[in-house]
Every structure is written in structure tokens, then in C-alpha cells.
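> can't give you the sequence, but here's the structure:
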């Protein structure tokens, strides 16, 4: 268990946070940061981009942080009433989202994604299959 998202070893969010922080440090004095995204991860972008997650990196950070605070309610900064805008825009009830997050491994095991990406991931890790795809 990690104390925070930044310390969650071997996760995509840690890679995205590190990449964002590197870009922020390299940003010019006007603080305009256009974060690059790790090459091995699907980028965030517009729903018009065929190979992009159709929301922003900032929405993702907000949702991940909010989710962690719901699951560990004694975590510093816990806010019960605020729901991330992303859940609203996707039409997902907060209770349903927390249920999915709490029971992630029942449905997906260690990885989540499309059938093709799960098969590729299994192959990359020298496995024949992962839960969710044969």
C-alpha cells in the first residue's frame, strides 16, 4: 500500500505524475505546461482522437485522488460531498464507481483494458492469458 498516488510503485498514475512533474520543471516562466504522456501509456485527449482516452490528465488525477479518499476515508483531506466532474460527464454514479474500484480484481485481475491490449500485455509479460481474456 502506498501513502499517496505518487508513491504507488509500478502504476500508470505514478508514471503520469512523474512525467507531468518533469514537464512542469522544464516549463518556461509563464508556467504553461503541456504535459507529455509516457510513450507506453494510452494518451489522454479528445474523443475525436482514435487512440486516446477521451478526457484530460487533470480529470484523471482528480478522479484517482478522489477515489483514494473515498476508499480510505481517514486520509488527510477527505471530502465526502465533492464528486469529480469526470464521473458526472461519464454518467457514473459515485457509489457505482467506488464499488468498481473496491472490487477491481474480481473483474479484471491485475490489468484492465481492451481484449487486444490485455493479450499484448500478457504476451509482453510472458503469460498465455490474463483474467478477462483467454
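Yes, it's here. Note that the coordinates shown come from a computational prediction; the quantities given were computed from them, not determined experimentally.

> got any ranges where this structure has weak pLDDT?
Under the criterion pLDDT under 70, the flagged ranges of the chain are 1, 27-35, 72-81, 107-113, 131-134.

> Please repeat the previous calculation with a cut-off of 90.
For the chain, applying pLDDT under 90 flags the ranges 1-13, 16-62, 64-134.

> Spell out the residue ranges of the helices in it.
Using DSSP state H, the helices of the chain run over 12-26, 57-71, 85-90, 94-102, 104-108, 115-124.

> What are the buried residues along the second one?
Neighbour-count burial for helix 57-71, with 16 or more other C-beta atoms under 10 Å as criterion, is recorded at 57, 59-70. Using the backbone N, CA and C atoms, a C-beta is placed for each residue, glycine as well.

> do the fourth one as well
Neighbour-count burial for helix 94-102 flags 94, 97 (criterion: 16+ other C-beta under 10 Å).

> so what does that helix touch, helix or strand wise?
With contacts defined as 3 or more C-beta pairs under 8 Å, 6 or more residues apart in numbering; DSSP states H and E, helix 94-102 has these neighbours: helix 57-71.

> So which of the buried residues of helix 57-71 is the closest to residue 119?
Nearest to residue 119 among those is residue 60, at 24.2 Å by C-beta to C-beta.
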